[in-house]
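In: pasting the structure only:
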């Protein structure tokens, strides 16, 4: 039988850390010990940062981004071309696309994908909100940047249908070989898509 | 150029999370988004737990364990045989050995290993404290459970010398094949040690 070796406050910190994605029970213990070692430099500031984020975090009522202001940093950025809206499944996808820094546009976070088996229908996603934004008449392009999964593609088709009445361009991400990818590790579907969409040198 | 997509409080949370061992910059973003999603169930409680641990954490002045009381849970446990002291490099090793639940003894955390190249000498480790504990006359065995590295073994030898004047047993962990380990993946040193220390069926 395993006995307690430390105080309940530290045990509780470990239990909660173990629920953070990327940390399991073992890493949570290592993380807790590191936090204890770096008490003043890391544990204190991280605890305060977490409390502050807890108090201030807001989900943008326009696009669904996670921020500390509503409307969010992206929606209020005057240098962005908000007539183009990139539609993503999740806030993580918004942040990932922004790291690519390839497009200076607005965003719309769906909050998931259509998945009848899991009981997720159009009303569970922020699709009506997207249609409302388009209906205001200031949008000229919707880039549907959902995952290349069955659910993602189903969702993309559904959104395309919902937007068919508007005079806007609806686009999607290109399929192809990932940059740095090796051909013989890629699946046939990706290779076929890359061949079909081949471009001139 | 990458633009800001979220508030400074969330950015700061991500930066601090990235310094937790086990999380890099990418996992820190994922962790932050998960914390935002599970705001009430995880972010709030974790922030509070971190603040509470920050206020209450103590390093045991007897053994060096990390706890919220001094003397710690291990040192004050009346069911432990404190006449046997297991000497470890780090608090993480103490916790790991306790998970094995193989011995119901006291502990002593050195806080590292001797490493002349890094300028770590005997005074930088809790070796004098160990000798003091032994000098009180209530210890009958010291199990030196340091890592099987050059630094660990050097430290073990140094401690053995320091304890040579006392009438106590000084022991060390057995070398051998890890449980569940496959022979052809093990190094020659481990295999040779396992053969030399072979036991009867």
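Out: Now that the structure is in, tell me what you want to look at. Computed from a predicted structure; not experimentally measured. Numbering: from 1, shown residues only, chains lettered A, B, ... in the order given.
In: Distance from stretch A:97-114 to the middle of the chain?
Out: Put simply, stretch A:97-114 sits 7 Å off its chain's centre (CA atoms, centre = their mean, to the nearest Å).
In: Which positions in that stretch come out as buried?
Out: A:97, A:98, A:105, A:106, A:107, A:108, A:109, A:110, A:111, A:112, A:113, A:114 (16 or more other CB atoms under 10 Å in any protein chain shown). Yep, even glycine has a C-beta here, placed from its N, CA and C like the rest.
In: Farthest-apart pair in those, please.
Out: A:98 and A:114 (24.6 Å; CB to CB).
In: which residues sit against stretch A:157-166?
Out: A:87, A:114, A:122, A:127, A:130, A:131, A:134, A:135, A:139, A:142, A:144, A:170 (CB atoms under 8 Å, 6 or more residues apart in numbering or on different chains).
In: number of nearby residues for residue A:90?
Out: By other CB atoms under 10 Å in any protein chain shown, the residues close to residue A:90 number 19.
In: nearest spatial neighbour of the residue nearest in space to the middle of chain A, skipping sequence neighbours?
Out: Using CA atoms, centre = their mean, the residue of chain A that lies closest to the mean C-alpha position is residue A:92, 2.3 Å off. Leaving aside its sequence neighbours, residue A:92 sits nearest to residue B:33 (CB to CB, 6 or more residues apart in numbering or on different chains; 5.3 Å).
In: ok, back up a step: starting at the chain centroid, how far to the helix or strand containing the residue nearest to the centre of chain A?
Out: For residue A:92, the enclosing helix or strand under DSSP states H and E is helix A:91-100. Helix A:91-100 has its C-alpha centroid displaced from the chain centroid by 6 Å (CA atoms, centre = their mean).
In: Show me the shaky parts of chain A.
Out: A:1 (pLDDT under 70).
In: how many degrees apart are the longest strand along it and helix A:91-100 in direction?
Out: Ranked by residue count, the top strand of chain A under DSSP state E comes out as strand A:81-88. Here strand A:81-88 points in a direction 130 degrees away from that of helix A:91-100 (axes from the mean of the first three to the mean of the last three CA atoms, to 10 degrees).
In: got the buried residues for strand A:81-88?
Out: For strand A:81-88, by 16+ other CB under 10 Å, it's A:82, A:84, A:85, A:86, A:87, A:88.
In: show me what contacts the first one?
Out: Remark: with contacts taken as CB under 8 Å, 6+ apart, residue A:82 is in contact with A:75, A:105, A:106, A:138, A:139.
In: measure stretch A:129-142 end to end?
Out: For stretch A:129-142, the first-to-last residue distance is 13 Å (CA to CA, to the nearest Å).
In: what does that stretch contact?
Out: Residues from elsewhere that reach stretch A:129-142, judged by CB under 8 Å, 6+ apart: A:62, A:64, A:82-85, A:87, A:108, A:110, A:159, A:162-163, A:166, A:168-171.
In: Quick one: the helices in chain A, in order.
Out: Ranges of helices in chain A, per DSSP state H, are A:8-17, A:25-37, A:44-56, A:91-100, A:127-135, A:150-162, A:188-196.
In: Sort out which of the contacts of stretch A:157-166 are buried, if you could.
Out: Applying 16+ other CB under 10 Å to the contacts of stretch A:157-166 flags A:87, A:114, A:127, A:130, A:134, A:139, A:142, A:144, A:170 as buried.
In: Surely the second one and residue A:156 touch.
Out: No - because the distance of 9.5 Å does not satisfy CB atoms under 8 Å, residue A:114 is recorded as not touching residue A:156.
In: Among the buried residues of strand A:81-88, which pair sits farthest apart?
Out: Among the buried residues of strand A:81-88, A:82 and A:88 lie farthest apart (CB to CB), at 15.4 Å.
In: Run through the residues that contact the residue nearest to residue A:52 when sequence neighbours are not counted.
Out: Residue nearest to residue A:52 in three dimensions, not counting chain neighbours: residue B:9, with 5.0 Å by CB to CB, 6+ apart. Counting by CB under 8 Å, 6+ apart, residue B:9 makes contact with A:49, A:52, A:53, A:56, A:57, A:68.
In: okay, now the nearest residue to residue A:16 once chain neighbours are set aside: neighbour count?
Out: Once flanking residues are discounted, residue A:16 sits nearest to residue B:46: 4.4 Å by CB to CB, 6+ apart. For residue B:46, the count of nearby residues is 24 (other CB under 10 Å).
In: who touches residue B:46 in this structure?
Out: Contacts of residue B:46 by CB under 8 Å, 6+ apart are A:13, A:16, A:17, A:20, A:50, B:35.
In: sorry, back to before: quick check: the residue nearest to residue A:92 vs residue B:177, distance?
Out: Per CB to CB, to the nearest Å, residue B:33 is found 43 Å from residue B:177.
In: Kindly report the same for residue A:165.
Out: 71 Å.
In: neighbours around residue A:146, how many?
Out: 23.
In: Please list all residues in contact with the spatially closest residue to it that is not a sequence neighbour.
Out: Taking CB to CB, 6+ apart, and ignoring the residues beside it in sequence, residue A:146 has residue A:152 as its nearest neighbour in space, at 3.7 Å. Residues in contact with residue A:152 (CB under 8 Å, 6+ apart) are A:89, A:113, A:146.
In: who touches the residue nearest to residue A:18 when sequence neighbours are not counted in this structure?
Out: Nearest non-adjacent residue to residue A:18, counting by CB to CB, 6+ apart: residue A:28, 3.7 Å away. Listed by CB under 8 Å, 6+ apart, the contact set of residue A:28 reads A:14, A:15, A:17, A:18, A:20.
In: now with 10 Å?
Out: A:13, A:14, A:15, A:16, A:17, A:18, A:19, A:20, B:20, B:22 (CB atoms under 10 Å, 6 or more residues apart in numbering or on different chains).
In: Return the member of those residues nearest to residue A:40.
Out: Taking CB to CB as the measure, residue A:40 lies nearest residue B:20 of the contacts of residue A:28, at 15.3 Å.
In: For the residue nearest to residue A:72 when sequence neighbours are not counted, which residues are in contact?
Out: Closest residue in space to residue A:72, ignoring its immediate chain neighbours: residue A:60 at 3.6 Å, by CB to CB, 6+ apart. Residues in contact with residue A:60 (CB under 10 Å, 6+ apart) are A:66-67, A:69-76, A:91, A:107-109, B:6.
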